[in-house]
Structure formats: C-alpha cells, structure tokens
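> Whatever this is, show me its structure:
(chains A, B, C and D)
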2 protein chains.
Amino acid sequence: MMTEQETGGHGRSIWTRPERSARGPSPEHSRAEIASAGATLADASGLGTVTMRSVAAAIGTGPASLYRYVATRDELVELMADQVFGELSYHEPGSGHPVTDLLRLAHQGRGLYHRHPWLLEVPATGSLPGPNAVAFVEHALAAMTGVDLTGPAKLETIAIFSGAVRLFAQTEIDQRQTGRDPAQWQDSLAGYLQQMAVAGRHPHLAAALAGQPGGDPAQHEPLFDRAMTRILTGLLPSVQPPAPGGSTAAHGGAAGPPRA
Amino acid sequence: MMTEQETGGHGRSIWTRPERSARGPSPEHSRAEIASAGATLADASGLGTVTMRSVAAAIGTGPASLYRYVATRDELVELMADQVFGELSYHEPGSGHPVTDLLRLAHQGRGLYHRHPWLLEVPATGSLPGPNAVAFVEHALAAMTGVDLTGPAKLETIAIFSGAVRLFAQTEIDQRQTGRDPAQWQDSLAGYLQQMAVAGRHPHLAAALAGQPGGDPAQHEPLFDRAMTRILTGLLPSVQPPAPGGSTAAHGGAAGPPRA
DNA sequence: CAAAACTGCGATCAATGTTCGCTGTATGGA
DNA sequence: TCCATACAGCGAACATTGATCGCAGTTTTG
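Take a look at the predicted model:
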C-alpha cells in the first residue's frame, strides 16, 4: 500500500504536510536546512545552479535523500522562497495611514527582491503561500484597517499590490543586471531599438529615443515611491495621498523635488 | 573555422541575426513555421510540452534540425511569444485620450494572455523585444502623444503598464485555471488560509475571510477597467480620467457604479 | 568547375529530475 | 517483551531533455 500521508483529505502542498511523523529514526536534516542551502546557492550563482545534486552535496548527502524532505524540486524552491520571506521585518510602529504603511511594506519587498534576484524566477502563484507569505498578507491587511473594501476585495488588492512590487523590482533589476555589463546592455538595447525605429516605420519610437539619453543611475528611489504611491492611491477608495517624506526616512534616500 | 554569423559586432539575439544567408540550399522550414508549431503545442498542452523533440516531430524532422533555425530552446520560445504578439490589432481609430487608448491596448494584451496562458511563463524581459513587441510599444507611445514625459520616461511607463496588464491577466488566470477544478481550488485555498489564520495568530486574515465569500464569477471586467484606469491615471501626469463607458463598449461590459 | 558555405540529420553526450529497492532504526500495540 | 509497521539514508539506475559532432548532399560564388 501507499503511505498514508493524505490523512484529512489533501496533502498536496508541502505546507499541508507534516515535516515528519513520529515513527522512524530522527532525520539528519530538515526542511529549513535544505532551504537555506538552496537559497545560499541561488544567491551565489542563480536559481539555475540549484539542482537536487548541488543542494544535496551542499548538505553532504546524495540526491535521493532530499526526497525524504521534499516531494519535488518545485517544492524545494517553494521552501527557499518562503524562507527568504522570513527576512521581512514588521517592527516599525505603523502610521495608521494605509498608503504610508503599504509603501513601507513595498520597500521591504523591494529590498528582498534586490537581495535575492532569483525570487523573480519563482512563480508567485500556482501553489499555496507559505507561512511567511501569509504573514506578509496579514501585515498588509493590518495596514488596510479602515479601508472601505470587503475582505476578498482587500485580498485581491494585496495580490495586485504585491505584483506591483515585484514588477518594479523586476524592472530595476533587469535594467542593471541582465547580461553582465550594465552600460553595454543599455547601449545594445538602445541601438537595437534605434535600428527598429528607422527600419520599421516607428515614428513615435524614433521620437522617444531622440530625446535626452537614459535615466540617471540609482535615481529609482523617488520613482519607486512616486509611482507606488500613485498606484496605491488609485487602488484604495477614498484615501488621500500621505504627506511626502514620511516613509522614506528609513533607508536614507534623499527625496528631492522632481525636476522638470 | 567557426561560422561567421557575428558580422557587424553582435549576433546575440535572434532578432539581430539574419534568418538565412544567401549560400547553401534553401531551408525546408522557417522560423515562422517552427514558432507556429511551438505555439500550437503550447496552446494545446502547455509550455512544458514544447520540447525540441516535440516541435521537431510536429514539423516532421529531427531535433538536431531545429538548431539550423534557432540557437537554443529559449530562442524558440522567444519566437513563439513574438509570433502571438502579432495577433494584436490596432485598427480602431484612437480617441486621443491617453488613458482611453492605453486601456484599449490593455484589453488587447489581456485577451492575448487569456488566449495563450503560457505567455505568462515566458520571461518578459532579459532579451531583446521582437518586432511585434516593438510594434506594441510604438502604439503605446502613439497613445501617449501629448503626455508631458520625456522619451525614456514614457518607455519606462510603458514597461510598468505592460507589467500591470500581465499582472492582472496572471491574477485572473491563476484564479480560475490552476489545478483543474476551479471551485475546488478556491475552497482549498480558503480552507488553508482559514487554518493559517487561527493557528498562526492572524486576526486581520481571519476577519477578511469572515466576510461574504469569494468574488462573483466573470465580474473581472469592471474590476480590470477600474483598477487599470486608476493606475494609468496615476502614472500619467496631469491627465484627467476619461468619461466612463467609452472603451468597454467593444466587449459588452456593463460598468456599473461601485457598490458600497 | 572547384572552393566555400550552408542544410538535413543520425548518433550521441551530459545533465537533471525522479524512482527502486535495500539496509538500518525507531515507534506503537499485543 | 517482541514484532509488525513505518520511516530515514542512499547507491544505483532510468527517462527525458537540451545540445553537439560529424558526415553527406546542395547551392552559390568567383
């Protein structure tokens, strides 16, 4: 007979399956250890190098042994993702203004993506969220206290909000990390677009590329704050934008006034 | 000696490499044929079933032959993606209002994702955009005529706009297509969250789940329009939201006023 | 007409996710 | 106490996949 780990109805996800049962010898490793090993590998050389063999080697065992802790490689990646979600901290007080507090959460998430770019390769949905992802949702809901939305509507808003954070992070990271040489990639793309503009009858593209060249480096901080605030203000009904400067103090960003 | 296909400086991307050279026999297939075969396979049974072998078999040849048209599997996927981007049509006149016209583009993109869900698995960035993707950018720029942004700022806005479209599509598709049984997945997730809420001290989550149950089916149309309009209005400086109803007429969405 | 450059492709390689089956070990019930 | 049960560790192996090599046939160039 097959093992009876589906007690209760569904043991599909790793989050609904017990880490170990009472019987048998105590395991020499743990989900957390495996997740850490995988995350370390991914931080160092990308998600592509996180194979069953490499992770197994990192904890000093063989590939087959990993399947005592994880049903599939995708589950391993789920573990890794939720593990780094645990780096998020919610210790700051909370201003009471939804946009301000959600923007603070957005900065937390953005930092996470910058620290672990491989997170962008992990599908954000399609499986159950892990404990730390749920904790993030909980704090986002806390920030939305008093907002005039139903429960499900709030959850939907959080999904869009999280996606927007991910989206901005992706834009930033792709812009400065794809390929290898930052400037070279930028130039390569610009040259290619220029060529497409003239060869393909794209007047608006040509015009857009004719203006002053690319963006200033590391000028993302104000852009992120401004766009995110606008999106949040648009997403939440009947809230006014907060007084500027209140939420960017934590990371020393000098948010000057936008130039013309 | 190696082949000299890097004439000019860079032949990295498939979009900067000629499809074929003058010498040699004329190929029996083409990039377009391969892309079509791959897209058909992906539409039918997912991107995962698009392997070199399956695509090769679909056009009646062996795996090795594909490498005469494509340098790597990723390039094949790039070809597929840009091919379906060609389904976008820009024949409608254009109202002159940026938000209205961009919302129309958003609907086009949304339809594309719904028709080809595997597009969500294709990385949106990291390589050069294909001709049809560039055409989309061109039309988005056309819609932004008169908006007070620099060229690069417009391009950045389009990146965020496109990401938002993708994000909404992903949210919708994940909600109704993951696993297999729609209601079962919804219930599974709800039950899991409920359990997490009580077990993990998550009062706000519990409260959010205590309200009226999930969303109405296919009620996404107004939500998409509303949220997208808000985001666009937030992203574009100094533009007023358009008169409602102007852009949703094409697909019969009855955009009623938001309820309490 | 010969050299060059290309196409088609069978055979094959290396890497990877995953499974099998065996041995050893701890637990629960009789 | 004792044994059936269920689990842990893991070497060996399998199936699939992306990609390469080298050869034979074909077309263009000079």
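> Next up, the contacts around residue A:144.
A:98, A:102, A:154, A:157-158, A:236 (CB atoms under 8 Å, 6 or more residues apart in numbering or on different chains). For every residue, glycine as well, the C-beta is placed using N, CA and C.
> So which bits of the stretch 51-200 of chain A are right by DNA strand D?
A:61-65, A:67-69 (CB under 7 Å from any atom of the strand).
> any chance of the contacts of residue A:144 in TSV, with secondary structure and neighbour count too?
Listed next are the contacts of residue A:144 as TSV, based on DSSP: H, G, I helix; E, B strand; the rest coil; neighbours: other CB atoms under 10 Å in any protein chain shown:
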residue	secondary structure	neighbour count
A:98	helix	21
A:102	helix	26
A:154	helix	23
A:157	helix	21
A:158	helix	22
A:236	coil	20
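> Columns pLDDT on top of these, output as JSON lines?
Formatted as JSON lines, the contacts of residue A:144 follow (pLDDT from 0 to 100):
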{"residue": "A:98", "pLDDT": "96"}
{"residue": "A:102", "pLDDT": "97"}
{"residue": "A:154", "pLDDT": "93"}
{"residue": "A:157", "pLDDT": "91"}
{"residue": "A:158", "pLDDT": "94"}
{"residue": "A:236", "pLDDT": "88"}
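> Nearest to DNA strand C within the stretch 101-250 of chain A, name that residue for me.
The stretch 101-250 of chain A approaches DNA strand C most closely through residue A:121 (12.7 Å), counting by CB to the nearest atom of the strand.
> Tell me the predicted confidence for that residue.
Residue A:121 carries a pLDDT score of 94 in this model.
> now do residue A:213
Residue A:213 is assigned 63 on the pLDDT scale.
> Kindly report the same for the one 10 residues further on.
We note a pLDDT of 81 for residue A:223 in this prediction.
> in what helix or strand does it lie?
Using DSSP states H and E, residue A:223 maps to helix A:220-235.
> and that helix, how far from the chain's centre?
Taking the mean of its C-alpha atoms, helix A:220-235 sits 17 Å from the chain's own mean (CA atoms, centre = their mean, to the nearest Å).
> before we move on, back to that, which among the residues of the stretch 51-200 of chain A next to DNA strand D gets closest to residue B:132?
Proximity of these to residue B:132 (CB to CB) peaks at residue A:63, which lies at 41.7 Å.
> what about the closest one, neighbour count?
Counted with other CB atoms under 10 Å in any protein chain shown, residues neighbouring residue A:63 total 13.
> that older thread, contacts only, for the residue of the stretch 101-250 of chain A closest to DNA strand C.
Remark: with contacts taken as CB under 8 Å, 6+ apart, residue A:121 is in contact with residue A:47.
> Likewise for residue A:47?
So residue A:47 contacts A:77, A:118, A:121-122 (CB under 8 Å, 6+ apart).
> Could you check how far residue A:34 is from residue B:77?
Residue A:34 is 30 Å from residue B:77, where distance means CB to CB, to the nearest Å.
> now do residue A:233
Relative to residue B:77, residue A:233 is positioned 37 Å away (CB to CB).
> More neighbours: which of these two?
residue B:77 (23 against 17).
> Residue numbers of chain A in contact with DNA strand C?
Contact residues, chain A versus DNA strand C (CB under 7 Å from any atom of the strand): A:22-26, A:49-54, A:63-64, A:67, A:72-74.
> Okay, and which of those residues map to helices?
Counting by DSSP state H, the residues of chain A next to DNA strand C place A:52-54, A:63-64, A:73-74 in helices.
> Restrict those residues to the buried ones and give me that as a PyMOL selection.
The PyMOL command for the buried members of those (criterion: 16 or more other CB atoms under 10 Å in any protein chain shown) is given here:
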select buried, chain A and resi 52
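> Most widely separated two among the ones in helices among the residues of chain A next to DNA strand C?
Farthest pair in those (CB to CB) is A:64 and A:74. Separation: 17.4 Å.
> Can you tell me how far residue A:199 is from residue A:162?
39 Å.
> Those two: who's more crowded?
residue A:162 (20 against 9).
> Residue A:131 versus the more buried one, what's the distance?
As defined by CB to CB, residue A:162 lies at a distance of 16 Å from residue A:131.
> go on, residue A:107?
22 Å.
> These two: who's more crowded?
Legend: neighbour count by other CB under 10 Å for residue A:107 and residue A:131, higher for residue A:107 (20 against 15).
> Not counting residues beside it along the chain, what's closest to residue A:158?
In this structure, residue A:158 finds its nearest non-sequential neighbour in residue A:140, 4.7 Å apart by CB to CB, 6 or more residues apart in numbering or on different chains.
> didn't the one you found look like it was pressed against residue A:103?
No. The pair residue A:140 and residue A:103 fails to qualify as a contact (CB atoms under 8 Å) at a distance of 11.4 Å.
> Residue ranges in the stretch 51-200 of chain A under the pLDDT threshold?
Scanning the stretch 51-200 of chain A for pLDDT under 70 picks out A:175-183.
> Distance from stretch A:125-134 to the middle of the chain?
The chain centroid and the centroid of stretch A:125-134 are separated by 12 Å, computed with CA atoms, centre = their mean.
> contact partners of that stretch?
By CB under 8 Å, 6+ apart, the residues outside stretch A:125-134 that reach it are A:13, A:15-16, A:74, A:78-79, A:81-83, A:85-86, A:88, A:137, B:170-171, B:174, B:178, B:188-189, B:192-193, B:196, B:200, B:202, B:205.
> Just the buried ones among those, please.
A:13, A:15-16, A:78-79, A:81-83, A:85, A:88, A:137, B:170-171, B:174, B:178, B:188-189, B:192-193, B:196, B:202, B:205.
> List, one by one, the residues from the stretch 1-150 of chain A near chain B.
When proximity is defined as CB under 8 Å from any CB of the partner chain, the stretch 1-150 of chain A approaches chain B at A:10, A:12-13, A:15-16, A:123-126, A:128, A:131, A:134-135, A:137-138, A:141-142, A:145, A:148, A:150.
> Take those residues and keep only those in strands.
Among the residues of the stretch 1-150 of chain A next to chain B, none falls in strands (DSSP state E).
> Now do the helices in the stretch 1-150 of chain A.
For the stretch 1-150 of chain A, the helices defined by DSSP state H, counting those that start in this stretch occupy A:31-45, A:52-58, A:63-66, A:73-85, A:98-115, A:131-143.
> name the helices or strands packed onto the fourth one?
For helix A:73-85, the packing partners by 3 or more CB pairs under 8 Å, 6 or more residues apart in numbering or on different chains; DSSP states H and E come out as helix A:31-45, helix A:52-58, helix A:98-115, helix A:131-143.
> Now the first one: buried residues?
The neighbour-count criterion (16+ other CB under 10 Å) identifies A:31, A:34-39, A:41-42 as the buried residues of helix A:31-45.
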